[in-house]
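Visitor: how would this look folded up:
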Amino acid sequence: MKLTIDLKNYEPGNPVSERTAARGIIRRGEDCLMIFSKYGDYKFPGGGMENGESLEETLIREVKEETGYQVIKGSIRKYGQVLERRKGEGSSILEMDSHYYVCDIREEAGECPWAAREAKVMELMIEKDS
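Guide: Residues are numbered from 1 along each chain as shown. Model (predicted):
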């Protein structure tokens, strides 16, 4: 599955900045692990690829940094891709190519080095519809 989202909130012809990210869809039963971002929204944990990393390595690193949980490498399964095109910093256009993976995590969370700065971690629960 591949989705394209174009907000068209930018000036055509401006410079384009490209970013590739990996995000984890992590479930336990009916519950999902999500983070509350510094922008006030909830999202699947993950983030941008660093030079020399594979998408799986990015996923494992980013989930650990943002939540403290360790992704079980053998559980990673491709789910889909979202290409987002929107206004970036300054006058640039941001093209964010996010790859989503379904994966499992080890039971206990470890240290979460970026949580205080980047996002607060939600427990592995989203309110269930009663």
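Visitor: quick one: the lengthiest strand in the chain to chain centroid distance?
Guide: Longest strand of the chain, by residue count under DSSP state E: strand 16-28. Relative to its chain's centre, strand 16-28 lies at 4 Å (C-alpha atoms, centre = their mean, to the nearest Å).
Visitor: again with stretch 79-97
Guide: 13 Å.
Visitor: Quick one: mean pLDDT for that stretch?
Guide: Averaging pLDDT along stretch 79-97 yields 96.
Visitor: Any buried residues in that stretch, and which?
Guide: Neighbour-count burial for stretch 79-97 flags 82, 84-85, 88, 93-97 (criterion: 16 or more other C-beta atoms under 10 Å). Where C-beta positions appear, they are placed from N, C-alpha and C, glycine not excepted.
Visitor: Now Glu18. Nearest residue, chain neighbours left out?
Guide: Glu95 (4.9 Å; C-beta to C-beta, 6 or more residues apart in numbering).
Visitor: Gly80 sits in which helix or strand?
Guide: Element membership for Gly80, per DSSP states H and E: strand 77-87.
Visitor: relative to strand 16-28, how tilted is that strand?
Guide: 140 degrees (axes from the mean of the first three to the mean of the last three C-alpha atoms, to 10 degrees).
Visitor: neighbouring strands for strand 77-87, and are they parallel or not?
Guide: When sheet partners are counted by DSSP bridges, strand 77-87 sits next to strand 2-6 (parallel), strand 93-103 (antiparallel).
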